[in-house]
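Engineer: The sequence and its predicted three-dimensional model are supplied below.
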Amino acid sequence: MRRVSGLLAMMSLLAAPASAYAPLGYPGAIWGNASRDFSGFEGWGVQSWIKQGVTWTMLPGEMPLQTFAYYRVRSRTQNRPYFDAHGPALSAEISKDFLSLGTDFHWQRYPELGLREDHHELFAAWYKRVDLARGHKPALFGGPLLGVPLSTWGRLTRDLDGIEGNGTQGWVQQGVDIIRLPGAVLVTPFAAYRWRLRSENRRYFNVHGPAAGLEFGRGPMQLGLEQAWRYYPELKRTERAIQAYLTWFYEWDLTRR
């Protein structure tokens, strides 16, 4: 009954603005990360989502009210129970600067467990990137730097149906843009700290730790190689892993013209 109530609440959030406002925009985005963990603990992996939404109105304080339809997938080749999952979702959210607050309802399958679960979730998410070199002329070993990017992304969640509980996932990364190769490929050594934690069904999910590596970026894509030190608290296990990865992010707006 609670799941049905959650779905009805989500539908009302999605439908109510439509009768009162003409949409301001049709934003969408795609994000993904494909990786190869050479330690053998996680193996090949992919996490990705694609979303398409509607901006209904601008609330006081220049906060857009938006709804989105998503599809999410998370899979890897090793230690897969309660990690592997996929399914569609609907969300309603407001945002201000780098912070978003909202609620979503997603229909999620856990293929390794043969389970299908419906989740009603509250969330807060953020993304912020600043160039610490802006307004300065930093140098390294006598040579000028192109940038000193500091970035962070994260998400806090409360699963109202209990299978994942309270959760957080995110990273903080400090890079140094040292050179631009032919083809506008930016070379960036970096240090990072990443975490993925939740309060339920956490055995093969929870992990955190630092990493350092080298990234090659061009437009919406980054190719990298890193050394990561990962601690799995439920397993009392630390893994030192070399990982190669490809990350992509692209966004659009289908606003009628």
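Structural biologist: Cool, got the structure.

Engineer: going forward, measure contacts and count neighbours with C-alpha atoms only.
Structural biologist: Fine.

Engineer: next SSE after the lowest-mean-pLDDT helix or strand in the chain?
Structural biologist: Lowest mean confidence among the helices and strands of the chain (mean pLDDT, DSSP states H and E): helix 2-15, at a mean of 50. Toward the C-terminus, helix 2-15 is succeeded by strand 27-37 as the next helix or strand (DSSP states H and E).

Engineer: Mind listing the strands that next one pairs with, and their directions?
Structural biologist: strand 44-59 (antiparallel), strand 237-253 (antiparallel) (DSSP bridges).

Engineer: Tell me the buried residues in the longest one?
Structural biologist: Buried residues in strand 237-253, counted by 16 or more other CA atoms under 10 Å: 241-249.

Engineer: just curious, which of those residues is nearest to residue 221?
Structural biologist: Set against residue 221, the nearest of the buried residues of strand 237-253 by CA to CA is residue 248 (4.4 Å).

Engineer: Any idea how many residues pack against the spatially closest residue to residue 54 that is not a sequence neighbour?
Structural biologist: Nearest residue to residue 54 in three dimensions, chain neighbours excluded: residue 26, at 4.5 Å (CA to CA, 6 or more residues apart in numbering). By other CA atoms under 10 Å, 18 other residues sit near residue 26.

Engineer: coming back round to it: right, and the strands paired with strand 27-37 - which one's nearest residue 105?
Structural biologist: strand 44-59 (13.7 Å).

Engineer: got the contact list for that closest one?
Structural biologist: The contact list for strand 44-59, computed with CA atoms under 8 Å, 6 or more residues apart in numbering, reads 17-18, 21-37, 64-78.

Engineer: Pull out the buried residues from those.
Structural biologist: Buried by 16+ other CA under 10 Å: 17, 23-28, 30-37, 64-76, 78, out of the contacts of strand 44-59.

Engineer: how about the buried residues of strand 237-253 in CSV, adding distance to residue 84 and pLDDT?
Structural biologist: Shown next, in CSV, are the buried residues of strand 237-253 (distance: CA to CA, whole Å; pLDDT from 0 to 100):
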residue, distance to residue 84, pLDDT
241, 20, 87
242, 21, 93
243, 19, 93
244, 20, 96
245, 18, 95
246, 19, 97
247, 19, 95
248, 20, 96
249, 21, 94
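
Engineer: Just send those residues back as JSON lines, with distance to residue 144 too.
Structural biologist: As requested, the buried residues of strand 237-253 are exported to JSON lines (distance: CA to CA, whole Å):
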{"residue": "241", "distance to residue 144": "32"}
{"residue": "242", "distance to residue 144": "29"}
{"residue": "243", "distance to residue 144": "29"}
{"residue": "244", "distance to residue 144": "28"}
{"residue": "245", "distance to residue 144": "28"}
{"residue": "246", "distance to residue 144": "27"}
{"residue": "247", "distance to residue 144": "27"}
{"residue": "248", "distance to residue 144": "28"}
{"residue": "249", "distance to residue 144": "28"}
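
Engineer: Looking at these, which one is closest to residue 156?
Structural biologist: Using CA to CA, the buried residues of strand 237-253 come closest to residue 156 at residue 249, 20.3 Å.

Engineer: Show me what the closest one is bridged to.
Structural biologist: Applying DSSP bridges, one finds that residue 249 bridges with residue 31.

Engineer: That one contacts residue 32, correct?
Structural biologist: Yes - using CA atoms under 8 Å, residue 249 is in contact with residue 32, at 6.7 Å.

Engineer: low-scoring stretches of the stretch 101-250 of the chain, by residue?
Structural biologist: For the stretch 101-250 of the chain, applying pLDDT under 70 flags the ranges 141-142.

Engineer: run the last query once more with 80
Structural biologist: For the stretch 101-250 of the chain, applying pLDDT under 80 flags the ranges 112-115, 117, 135-143, 161-163, 204.

Engineer: Many thanks, we can stop here.
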